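J.: Mind looking at a prediction? Sequence and model below.
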Amino acid sequence: MTVKPGRTRLVMELGMGTDITGSDYTKAACRAVFNALRQNSLALAPAFGKSRDDMFCEIVIGAQKPEEVNVEEVAAILPYGSRAVRVEFGGLDTPREGPDGEPTGFTILANAAILVHLDLTQADLDRIGTDGSIGR
C-alpha cells in the first residue's frame with residue numbers, strides 16, 4: 001500500500017453507548033464516543049512532531065433515529081483537534097417491558113467510529129518504518 005502526502009487516516013477508534021431508560025439518542029451517541037476515546041491513548045500527533053490540535057477527527061455515529069442525535073453535543077466530547085460528525089442509520093433499539101409485560105419504551109444503543117487523520121508531508125511519511133514504527 002502506498003501512502004501519499006496529505007490528509008492521512010491513521011487511527012479508527014470504535015465505541016458503543018447506551019441509554020437504558022431515557023430513549024435519548026444523543027446521550028447514547030455521546031457515551032459511544034466516550035467509550036471509543038477511553039479504549040485508546042494516542043501519541044501519534046506528537047510522534048510526527050505535531051500538536052494534538054493538528055488532528056482532524058471524523059466521528060461517525062450509527063443510531064436508529066439519526067435525526068434525533070445532536071451533532072454539536074457529540075462533537076464537543078473530543079478533547080482536541082478539529083472534528084466533523086456524521087450520523088447514519090444503525091445502532092439498535094431494544095424494546096423494554098414493565099412488570100406487567102407491557103411495552104415501556106426502548107433501550108437505545110448507538111455505535112461510534114472516530115477516524116483520526118493528520119496532514120502528513122513526505123518527510124513525515126519517510127519516518128514510518130517498514131514495520132510501522134515511527135522514527136525520529
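T.: Structure received.
J.: right, and Phe48 touches Arg127 too?
T.: Yes: with contacts counted by Cβ atoms under 8 Å, Phe48 reaches Arg127, the gap being 7.1 Å. Quick note: C-beta positions are derived from backbone N, CA and C, even for glycine.
J.: any shared contact partners between those two?
T.: Ile134 (Cβ atoms under 8 Å, 6 or more residues apart in numbering).
J.: higher neighbour count, these two?
T.: With neighbours defined as other Cβ atoms under 10 Å, Phe48 and Arg127 compare such that Phe48 has more, 22 against 15.
J.: Against Val85, how distant is the residue nearest to that one when sequence neighbours are not counted?
T.: Nearest non-adjacent residue to Phe48, counting by Cβ to Cβ, 6 or more residues apart in numbering: Asp124, 5.1 Å away. In this view, Asp124 and Val85 are 27 Å apart by Cβ to Cβ, to the nearest Å.
J.: contacting residues for the closest residue to Met55 other than its chain neighbours?
T.: Using Cβ to Cβ, 6+ apart and skipping the chain neighbours, the partner closest in space to Met55 is Gly81 (3.5 Å). Taking Cβ under 8 Å, 6+ apart, we find Gly81 in contact with 52-57, 116.
J.: Of these, which belong to strands?
T.: 56-57, 116 (DSSP state E).
J.: related to what we said a few turns ago, just the buried ones from the contacts of Gly81, in PyMOL syntax?
T.: A single PyMOL command selects the buried members of the contacts of Gly81 (16 or more other Cβ atoms under 10 Å):
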select buried, resi 54+55+56+57+116
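J.: out of the contacts of Gly81, who's nearest Glu13?
T.: Distance to Glu13 across the contacts of Gly81 (Cβ to Cβ) is lowest for Val116, with 7.1 Å.
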